[in-house]
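**Student:** Sequence below, structure please.
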Amino acid sequence: MLPGEQITRRAALQYFFFFCELNHIFFKLNLSSLTSFKKIMKETESLKGVPGILRPFKKYIEEKKIPAGRQIVFYGCPGTCLPFVELIAYAIRDLPAEIVFVPFLEEENAVKLKIVKNLGAQTDIPAGELNPEIIVIMGGLAMPNIPVSAKDAKETAGKYNAAIVGICFMEMLEKEGWTKEMDFDMIIDASIDPVKIYR
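**Tutor:** The predicted model follows:
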């Protein structure tokens with residue numbers, strides 16, 4: 001083997017190992033960005049009935065240790081989502097957070113909820129400026145024919161440094177692709193099938 005050929009082969013091997021190492025580094029970086037892009041969620045509990053919705057939500061809020069006066073802001077459909085928000089608000093009535101309901105994503109129409117004796121949680125005065133500690137996306141927003149998209153909700157939530165919780169029925173958030181679009185910290189998904197009627 002001539003000296004020049006030996007140098008050429010050595011250089012070729014050096015380039016080969018250099019590109020292998022570069023490719024390895026790129027693969028690790030790319031893999032890291034993919035796995036951290038969305039939170040991988042798995043089922044942690046399977047509960048029943050209305051308490052199965054309320055108790056894990058209250059536990060979640062308690063664990064977050066939200067300071068007094070900070071906001072939990074619910075985004076949902078007026079009429080259909082609001083009664084559930086009132087129910088959830090009543091369940092966490094002894095916690096110091098301020099509860100706000102936003103119809104659809106119309107933050108200019110946001111209202112506070114208050115506890116009324118012998119009634120429960122009821123809508124109250126306009127909320128004014130929003131600065132949520134927790135954002136709750138109600139599954140009604142994901143239903144067909146509702147003038148809100150997952151991208152719209154993601155853009156609205158992105159204005160705040162807040163954890164995002166989803167509450168829905170019948171896997172609505174997953175079926176409509178909202179779990180792919182939004183980075184949920186927790187999802188409470190309940191089932192109301194079947195609904196039995198007796199006469």
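**Student:** Not counting sequence-adjacent ones, nearest residue to the residue minimising distance to the centre of the chain?
**Tutor:** Taking CA atoms, centre = their mean, the centroid of the chain lies closest to F184, which sits 2.6 Å from it. Excluding its sequence neighbours, the residue lying closest to F184 (CB to CB, 6 or more residues apart in numbering) is G166, at 4.9 Å. The way it works is simple: take the backbone N, C-alpha and C, and place the C-beta from them, glycine included.
**Student:** Going toward the C-terminus from whichever strand or helix holds that neighbour, what's the next helix or strand?
**Tutor:** Per DSSP states H and E, G166 falls inside strand 163-169. Once strand 163-169 ends, the next helix or strand along the chain (criterion: DSSP H and E) is helix 172-175.
**Student:** Kindly report the domain assignment for this protein.
**Tutor:** According to automatic domain parsing, the chain comprises the domains 1-37, 51-190.
**Student:** what about the longest one, average pLDDT?
**Tutor:** Throughout domain 51-190, pLDDT has a mean value of 95.
**Student:** what's the straight distance from one end of it to the other?
**Tutor:** Counting by CA to CA, to the nearest Å, you get 11 Å between the two ends of domain 51-190.
**Student:** same deal with stretch 119-132?
**Tutor:** 26 Å.
**Student:** Same check on stretch 43-56?
**Tutor:** First-to-last residue span, stretch 43-56, CA to CA: 13 Å.
**Student:** in it, what's buried?
**Tutor:** For stretch 43-56, the neighbour count (16 or more other CB atoms under 10 Å) marks 53-54 as buried.
**Student:** what kind of secondary structure is I61 in?
**Tutor:** State at I61, reduced to three classes by DSSP: H, G, I helix; E, B strand; the rest coil: helix.
**Student:** Burial check on it, number of neighbours?
**Tutor:** A count of neighbours around I61, defined by other CB atoms under 10 Å, yields 20.
**Student:** which other residues reach the strand holding G166?
**Tutor:** If you take CB atoms under 8 Å, 6 or more residues apart in numbering as the criterion, strand 163-169 is touched by 53, 57, 60, 64, 84, 88, 133-140, 142, 157, 173, 178-179, 182-192.
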